[in-house]
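K.L.:
Can you look at this prediction? I've put the sequence above it.
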Amino acid sequence: QVQLVESGGGLVQAGGSLRLSCAASGRTLSTYAMGWFRQAPGKEREFVAATSWSGGTTYYADSVKGRFTISRDITKNTAYLQMNSLKSEDTAVYYCAARSTLNSDSYYRSQEYGRWGQGTQVTVSS
């Protein structure tokens, strides 16, 4: 089983940038599709971005499209979420997750992801 550990969260001013990392251990990420989700206080966990195991297919929530970029480095067994032009509404705990395949009709469903990291806090001050 793969274990996931997020890092890179923190406090940033609106308009700033952060890059989250999701380091995997136990198994190579090359056989997993990866996703990023977030959960703000009092709200349900929501989909942010996903990428296929090859990195050739990506999906984004409308709220982050054009501002966030998901990527992966197989040599480092790490996935990333580059977040630019951050807004106060991006404040949340961000989680990375892994699943065996990425389907166009279910990439946004958190229950389809079998492995999760512990989360990293992102706070955007306005």
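P.N.:
Alright, I've got the coordinates. Residues are numbered from 1 along each chain as shown.
K.L.:
and the spatially most central residue of the chain, bridged to which residues?
P.N.:
In the chain, the residue lying closest to the centroid (C-alpha atoms, centre = their mean) is residue 36, at 2.2 Å. Counting by DSSP bridges, residue 36 is bridged to residue 49, residue 96.
K.L.:
Verify the contact between it and residue 50 for me.
P.N.:
Yes - assessed by C-beta atoms under 8 Å, residue 36 is found in contact with residue 50 at 7.4 Å. (Glycine included, C-beta is placed from N, CA and C.)
K.L.:
overlap in contacts of the two?
P.N.:
Counting by C-beta atoms under 8 Å, 6 or more residues apart in numbering, the common neighbours of residue 36 and residue 50 are residue 70.
K.L.:
separation between residue 12 and residue 19?
P.N.:
Distance from residue 12 to residue 19, counting by C-beta to C-beta, to the nearest Å: 11 Å.
K.L.:
more neighbours, the two?
P.N.:
residue 12 (17 against 13; other C-beta atoms under 10 Å).
K.L.:
helix or strand for that one, which one?
P.N.:
strand 10-13 (DSSP states H and E).
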